[in-house]
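Engineer: Just the structure for this:
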Amino acid sequence: MPSRNKSAKTKVKAKIKTKTKVKVQVKAKAKVKAKAPAKKATPKTIKKPVDVKAVTPKISSVSVSTPKLTSTKVISTTGPIGFKPYKLQKDEEFMNAAQLDHFRQILNLWKQQLLDEFNRVKQHMQNDAANFPDPLDRAAQEEEFNFELRARDRERKLVKKIEEALESIDNQEYGFCVDCGAEIGIRRLEARPTATQCIDCKTFEEIREKQIGM
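Structural biologist: A predicted model of the protein is given here:
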């Protein structure tokens with residue numbers, strides 16, 4: 001009986017020892033895990049934006065042969081350029097000799113400017129006219145010449161009015177309205193030297209034309 005008790009006690013002691021060993025090993029592993037440094041999170045790689053200019057291929061500019069259009073100079077249809085306004089004197093008679101001479105100079109200056117422009121356009125069309133092989137170039141040149149001719153045609157009619165105004169100065173009839181006989185006015189004549197109506201008659205005529213057109 002005592003031998004059996006001893007063997008039972010030794011078995012119980014062996015079991016207790018194994019349990020304590022297991023507990024010690026578990027605690028040791030837990031300590032190792034606690035002491036182990038935490039792994040650093042690897043930073044995420046940030047994608048750089050794509051440079052569109054660097055990716056897109058460079059396209060070489062295509063040269064197209066187009067005719068060089070010359071600048072068209074259009075003379076004013078209301079009066080000449082570069083004259084001094086008339087200085088009115090106190091109690092001065094309307095359309096006296098000094099005023100008539102003043103407007104004669106204005107009209108001659110305007111006429112000369114128009115004639116100079118006629119000669120410039122004529123030489124331009126003779127010297128710069130070319131038979132371009134490209135139809136687009138020919139069309140551009142024709143359009144330029146047509147514009148020049150339309151402008152010169154308007155100015156040709158204006159030259160005729162200037163000559164009529166110069167003739168009325170010679171006849172002492174310049175500066176008076178052809179409808180009512182009133183004075184047209186120095187400043188209105190300087191703004192439009194070929195005017196033949198006073199501002200009231202001209203306004204009435206424009207209103208009547210609008211009513212007829214409606």
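
Engineer: Please count neighbours and contacts with C-alpha atoms only from this point.
Structural biologist: Fine.

Engineer: and the longest helix along the chain, what other elements does it pack with?
Structural biologist: As assigned by DSSP state H, the longest helix anywhere in the chain is helix 135-170. Helix 135-170 sits against helix 97-128, with contacts defined as 3 or more C-alpha pairs under 8 Å, 6 or more residues apart in numbering; DSSP states H and E.

Engineer: how close does Gln211 get to Ile169?
Structural biologist: Distance of Gln211 to Ile169, given as C-alpha to C-alpha, to the nearest Å: 34 Å.

Engineer: for Arg150, that is, sorry about that
Structural biologist: According to C-alpha to C-alpha, Arg150 and Ile169 sit 29 Å apart.

Engineer: Low-confidence stretches in the chain?
Structural biologist: Under the criterion pLDDT under 70, the flagged ranges of the chain are 1-79, 128-131, 214.

Engineer: How is it partitioned into domains?
Structural biologist: Domain ranges of the chain: 95-174, 175-214, per automatic domain parsing.

Engineer: Among these, which comes closest to Phe83?
Structural biologist: For Phe83, the closest of the domains of the chain is domain 95-174, at 6.9 Å, according to C-alpha to C-alpha.

Engineer: what's the first-to-last distance across that closest one?
Structural biologist: First residue to last in domain 95-174 (C-alpha to C-alpha) measures 8 Å.

Engineer: report the angle between the axes of the longest helix of the chain and helix 97-128?
Structural biologist: Note on geometry: by axes from the mean of the first three to the mean of the last three C-alpha atoms, to 10 degrees, helix 135-170 and helix 97-128 are set 160 degrees apart in direction.

Engineer: Next, the buried residues of helix 135-170.
Structural biologist: 137-138, 141, 144-145, 148-149, 151-152, 155-156, 158-159, 161-162, 165-166, 169 (16 or more other C-alpha atoms under 10 Å).

Engineer: next structured bit after it?
Structural biologist: Downstream of helix 135-170, the first helix or strand assigned by DSSP states H and E is helix 186-191.

Engineer: just to revisit the earlier point, dump the domains of the chain into CSV; add distance to Lys84 as well.
Structural biologist: Supplementary listing: the domains of the chain in CSV, determined by distance: least, C-alpha to C-alpha, whole Å:
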stretch, distance to Lys84
domain 95-174, 9
domain 175-214, 10
